[in-house]
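Chemist: Sequence and predicted structure below; questions after.
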Protein chains: 2
Amino acid sequence: MKKITIGEASRQSGVKVPTIRYYEGIGLLSAPSRSEGNQRSYEPADISRLVFIRHARELGFEVDAIRTLLMLQDDPNQSCASADAIAKARLIDVEQRIRSLMALKVELEAMVAGCGHGRVDQCRVIEVLADHGQCAHSHH
Amino acid sequence: MKKITIGEASRQSGVKVPTIRYYEGIGLLSAPSRSEGNQRSYEPADISRLVFIRHARELGFEVDAIRTLLMLQDDPNQSCASADAIAKARLIDVEQRIRSLMALKVELEAMVAGCGHGRVDQCRVIEVLADHGQCAHSHH
DNA sequence: CCTTGCACCTCTAGTCGCTAGAGGATGTAG
DNA sequence: CTACATCCTCTAGCGACTAGAGGTGCAAGG
């Protein structure tokens, strides 16, 4: 069998070397076999798992959620209700985040547009930050 | 002069008590005078500063950026170019984040919509995560 | 065979922006 | 005077890594 070093695994999966070791440490990835000289030796399945993890992380899933998703993946006879629930929760979170970032964008645009590029005492950026009442947000 | 306790400062500014102490520790807020019994005693100006900080944090500015903004605020004769640059950088960052969250939303929606609520081996949520090629993202 | 030099190993500590808790002192209302 | 809330300092923890020290393994060139 072909031995995949951690560096190679990193290149193939897009997960950084220390991050792979970290994932092993927190139990997201099971410890691989070792070479004579105690070096980690991965198999193709481990690469897939790392790709799975990386993709899930890119989508903003937390490590705990990924742990659940991986358990589901390992047991394909289970109902996918949990996976669905996790994805739905994540979707709601993302939608919420988009909403607040949009509000934020509006406010930042007003700040930047209002800046006359003069002295600080006329600067809207500082002014808006100092006086919450002037801005688009309502008082949380 | 009226003495404002840390709890009162917290209520007035919306910044939690331990967070106020934390801000003092990292030098964002200068150490206030103390009462006979060694308790912090704030002035109205400190409350304004806390509101400024809170608002900036809500807008997602990093503590380092806020430090700069506060220095600018303290010296109103300076050009507001730095404040402007900080706000613009933040705006670009926010716009970038909105873009990636939108892409993410599309992908999550596809995952959730494709889930037939059956067994895991037919679940698109798991499938999409396992096979990056199927999803909307290009390989970074 | 030996050296060079990169990739690997473990371990600890640092990042950011807080938050939680222990264990004790102070201030205030009844 | 006694409860009780609030304050104090200090340390440790969170998530998800990242950086660095100090040492070992391994493949290729001379």
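Modeler: All right, it came through fine.

Chemist: what's the burial count for the residue lying closest to A:Gly116 once chain neighbours are set aside?
Modeler: Nearest non-adjacent residue to A:Gly116, counting by Cβ to Cβ, 6 or more residues apart in numbering or on different chains: A:Gln122, 5.6 Å away. (Each C-beta comes from the backbone N, C-alpha and C, glycine too.) For A:Gln122, the count of nearby residues is 14 (other Cβ atoms under 10 Å in any protein chain shown).

Chemist: The helix or strand of chain A with the lowest mean pLDDT and DNA strand C, any residue contact?
Modeler: Every helix and strand of chain A was ranked by mean pLDDT, DSSP states H and E. The lowest is helix A:124-130, at a mean of 81. No. Applying Cβ under 7 Å from any atom of the strand, one finds helix A:124-130 out of contact with DNA strand C, separated by at least 14.0 Å.

Chemist: what's next to that helix, contact-wise?
Modeler: A:107, A:110-112, A:114-116, A:120, A:134-135, B:48, B:51-52, B:55-56, B:59, B:69, B:72-73, B:80, B:83-84, B:86-87 (Cβ atoms under 8 Å, 6 or more residues apart in numbering or on different chains).

Chemist: go again using 6 Å as the cut-off
Modeler: The contact list for helix A:124-130 (Cβ atoms under 6 Å, 6 or more residues apart in numbering or on different chains) reads A:111, A:114-115, A:120, A:134-135, B:52, B:55-56, B:73, B:83, B:87.

Chemist: And for stretch A:67-87?
Modeler: Outside stretch A:67-87, the residues that touch it by Cβ under 6 Å, 6+ apart are A:65, B:108, B:111-112, B:115, B:119-121, B:123, B:125-126.

Chemist: Just the buried residues of the contacts of helix A:124-130.
Modeler: Among these, those classed as buried by 16 or more other Cβ atoms under 10 Å in any protein chain shown are A:111, A:114-115, A:120, A:135, B:52, B:55-56, B:73, B:83, B:87.

Chemist: least confident pick among the contacts of helix A:124-130?
Modeler: Note: of those, the lowest pLDDT belongs to A:Cys135, at 55.
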